[in-house]
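Visitor: attaching a predicted model along with its sequence, questions to come.
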Amino acid sequence: MILAIESSCDDSSVAIMKASDFSLIHYEKISQEKEHAKYGGVVPELAARLHTAALPKVILRAKEHFKALKAIAVTNEPGLSVSLLPGIVAAKALATALNLPLISVNHLVGHIYSLFLEGPIKLPLGVLLVSGGHTMILGISKTGVISVLGATSDDSFGESFDKSAKMLGLGYPGGPQIQNLALKGDDRAYDFSLPLKGTKRLEYSFSGLKNQVRLACLELENSRIPYSVIPRLDRGISSENSRISYSVIPRLDRGISSENSKIPYCVIPQLDWGISSENSRIPSENSRIPSQQKANIAASFERVACLHIIDRLKLAFSSQKWARFGVVGGASANLRLRGMLENLCASYDCELLFAPLEYCSDNAVMIARAAVAKYHNKDFCQNLEMHPRSSLENLKII
């Protein structure tokens with residue numbers, strides 16, 4: 001049996017898997033979503049402290065299986081350095097205490113193995129990896145060598161959901177929030193443009209789509225600001241009311257009467273609305289956008305983001321002959337994307353593989369499965385090092 005530890009981002013997870021038949025003996029995962037939700041995203045330093053507190057407890061709860069262990073596996077790349085470190089330290093300590101070999105596992109390779117948790121990997125294979133940190137199209141040869149066919153040039157698919165959800169005043173993580181709200185909206189209400197439309201570059205880009213969401217939010221926020229009138233202090237005030245110059249500031253309790261139409265105004269938005277000017281760069285997180293408009297923006301964004309994934313995949317399918325195509329990563333749980341992928345693979349007569357929903361996001365089970373492959377090849381790590389940034393190009397996974 002192999003014990004695996006995963007702590008590359010904001011989930012502390014431990015799993016034990018039998019190397020002989022891939023059966024799962026033990027699994028526990030502690031999510032940090034609630035702790036990070038108040039900040040609208042993962043705070044690395046907070047994640048590190050939570051991992052340091054949680055991992056020893058989670059490992060101890062698997063103590064009854066220690067005598068049967070044959071190796072200790074741990075995610076060492078890629079990920080947040082402050083999150084990877086607690087997992088690596090715990091793995092080294094446990095391996096030393098039990099006198100067991102160490103196995104290093106690439107987190108993204110773990111996601112690929114999430115497609116084959118209960119059996120041998122089937123190659124060759126095409127893979128779409130969509131998560132909070134990565135968006136890639138991969139080709140894996142018969143011998144298990146990975147080729148990166150395309151990747152995002154800016155934001156990832158999952159990251160664009162998180163940031164759009166924050167602009168809409170929704171919670172974290174943004175994927176489920178956007179998906180649930182989109183069910184109540186009109187996905188054609190906003191004609192967001194499709195990124196890289198008409199180009200032949202096999203890459204993704206979500207920053208422009210994210211910016212369209214930002215502008216839509218700001219337009220709605222600014223259009224709902226009421227105003228009231230106060231005298232300006234930089235000009236003289238005559239006893240005749242008609243000569244008084246005024247400034248206009250947003251107020252919640254009253255608007256501007258048509259009788260004041262001849263008074264010169266300048267607009268000074270209130271700071272507590274989170275709007276600094278007509279060209280404000282960031283919408284207020286406590287957005288005052290009507291709920292139906294929020295749903296419409298969410299639905300329109302989700303539709304175009306998923307269309308972008310499919311549009312670029314069509315380029316890949318036109319040059320590749322895959323009999324099987326897998327979709328992995330936390331963002332692969334999006335139901336609209338899954339439906340579109342099913343239609344795409346059916347049109348190319350290609351078998352579509354999904355990881356089980358409970359193992360789409362980061363987890364130690366997929367790390368244990370990847371470690372089993374390394375264990376059978378006696379691919380042990382003599383000097384375990386951390387690599388927060390790493391590439392999959394030309395990496396061999398079997």
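Guide: Nice, thanks for sending it over.
Visitor: Lys122 and Tyr113 touch, don't they?
Guide: No - if you go by CB atoms under 8 Å, Lys122 and Tyr113 don't touch, sitting 11.5 Å apart. Every residue, glycine included, has its C-beta placed from N, CA and C.
Visitor: what about these two, which has more around it?
Guide: Taking other CB atoms under 10 Å, Lys122 and Tyr113 do not tie; Tyr113 has more neighbours (25 against 14).
Visitor: helix, strand, or coil at that one?
Guide: Look at Tyr113: counting by DSSP: H, G, I helix; E, B strand; the rest coil, its state is helix.
Visitor: contacting residues around it?
Guide: 121, 366, 369-370, 373, 397 (CB atoms under 8 Å, 6 or more residues apart in numbering).
Visitor: who wins on neighbours among the residues you listed?
Guide: Met366 (31 neighbours).
Visitor: can you name the residues that contact that residue?
Guide: Met366 neighbours (CB under 8 Å, 6+ apart): 6, 110-111, 113-114, 117, 355, 359.
Visitor: gap between it and Tyr375?
Guide: Per CB to CB, to the nearest Å, Met366 is found 15 Å from Tyr375.
Visitor: for Lys92, same thing?
Guide: Using CB to CB, Lys92 is found at 18 Å from Tyr375.
Visitor: have a look at these two and say which one is more surrounded.
Guide: The neighbour comparison of Lys92 against Tyr375 (other CB under 10 Å) goes to Tyr375, with 20 against 15.
Visitor: wait, the more buried one sits on Ala4?
Guide: No - with contact defined as CB under 8 Å, Tyr375 does not reach Ala4; the gap is 10.6 Å.
Visitor: for the record, mean pLDDT for stretch 3-22?
Guide: Mean per-residue pLDDT for stretch 3-22: 97.
Visitor: roughly how far out does it sit from the chain middle?
Guide: Distance of stretch 3-22 from its chain centroid, counting by CA atoms, centre = their mean, to the nearest Å, is 21 Å.
Visitor: ramachandran angles for Gly126?
Guide: The phi/psi pair for Gly126 (degrees, to the nearest 10) reads phi -100, psi 150.
Visitor: neighbours of it, how many?
Guide: By other CB under 10 Å, the residues close to Gly126 number 24.
Visitor: okay, and the beta partners of it?
Guide: Gly126 forms beta bridges with Gly139, Phe325, as assigned by DSSP bridges.
Visitor: for it, give its distance to Arg324.
Guide: Distance, Gly126 to Arg324, using CB to CB: 7 Å.
Visitor: common neighbours of these two, please.
Guide: Residues touching both Gly126 and Arg324 by CB under 8 Å, 6+ apart: Cys350.
Visitor: for Val148, helix, strand, or coil?
Guide: Following three-state DSSP, Val148 is assigned to strand.
Visitor: what residues of stretch 165-175 count as buried?
Guide: Residues of stretch 165-175 classed as buried: 165-170, 172-175 (neighbour count, 16 or more other CB atoms under 10 Å).
Visitor: other SSEs contacting the longest helix belonging to the chain?
Guide: For the chain, the longest helix by residue count, based on DSSP state H, is helix 291-319. Identification of packing neighbours for helix 291-319 by 3 or more CB pairs under 8 Å, 6 or more residues apart in numbering; DSSP states H and E yields strand 125-130, strand 135-140, strand 146-151, helix 157-167, helix 174-182, helix 207-223, helix 335-347.
Visitor: so can I have CSV of these showing mean pLDDT and distance to His36?
Guide: CSV is the format used below for the helices and strands packed on helix 291-319 (pLDDT from 0 to 100; distance: least, CB to CB, whole Å):
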stretch, mean pLDDT, distance to His36
strand 125-130, 97, 20
strand 135-140, 97, 21
strand 146-151, 97, 25
helix 157-167, 94, 10
helix 174-182, 96, 12
helix 207-223, 92, 20
helix 335-347, 97, 23
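Visitor: mind checking the ones you listed for the one nearest to Ala47?
Guide: Closest to Ala47 of the helices and strands packed on helix 291-319 is helix 157-167 (CB to CB; 14.8 Å).
Visitor: now do the closest one: which elements does it pack against?
Guide: helix 174-182, helix 207-223, helix 291-319.
Visitor: ok, the most centrally placed residue in the chain to Asp10 distance?
Guide: In the chain, the residue lying closest to the centroid (CA atoms, centre = their mean) is Gly132, at 2.0 Å. Separation of Gly132 from Asp10 (CB to CB) stands at 9 Å.
Visitor: now the strands: where do they sit in the stretch 1-150 of the chain?
Guide: 2-6, 11-17, 24-31, 71-77, 102-106, 125-130, 135-140, 146-151 (DSSP state E, counting those that start in this stretch).
Visitor: right, so the ones you listed: which one is the most enclosed?
Guide: Ranked by mean neighbour count, these are led by strand 2-6 with a mean of 28 (mean count of other CB atoms under 10 Å).
Visitor: quick one: strands adjacent to it?
Guide: By DSSP bridges, strand 2-6 pairs with strand 11-17 (antiparallel), strand 71-77 (parallel).
Visitor: what comes into contact with it?
Guide: 12-17, 19, 55, 59, 62, 65-66, 69-75, 87, 90-91, 94, 103, 105, 107, 110, 362-368, 371-372, 375.
Visitor: same question for stretch 204-211.
Guide: Contacts to stretch 204-211, defined as CB under 8 Å, 6+ apart, come from residues 135, 150-157, 159-160, 163-164, 192-193, 195-196, 301, 304-305, 308-309, 312.
Visitor: returning to that earlier point: could you dump the strands paired with strand 2-6 to JSON lines with distance to Gln32?
Guide: Shown next, in JSON lines, are those (distance: least, CB to CB, whole Å):
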{"stretch": "strand 11-17", "distance to Gln32": "7"}
{"stretch": "strand 71-77", "distance to Gln32": "16"}
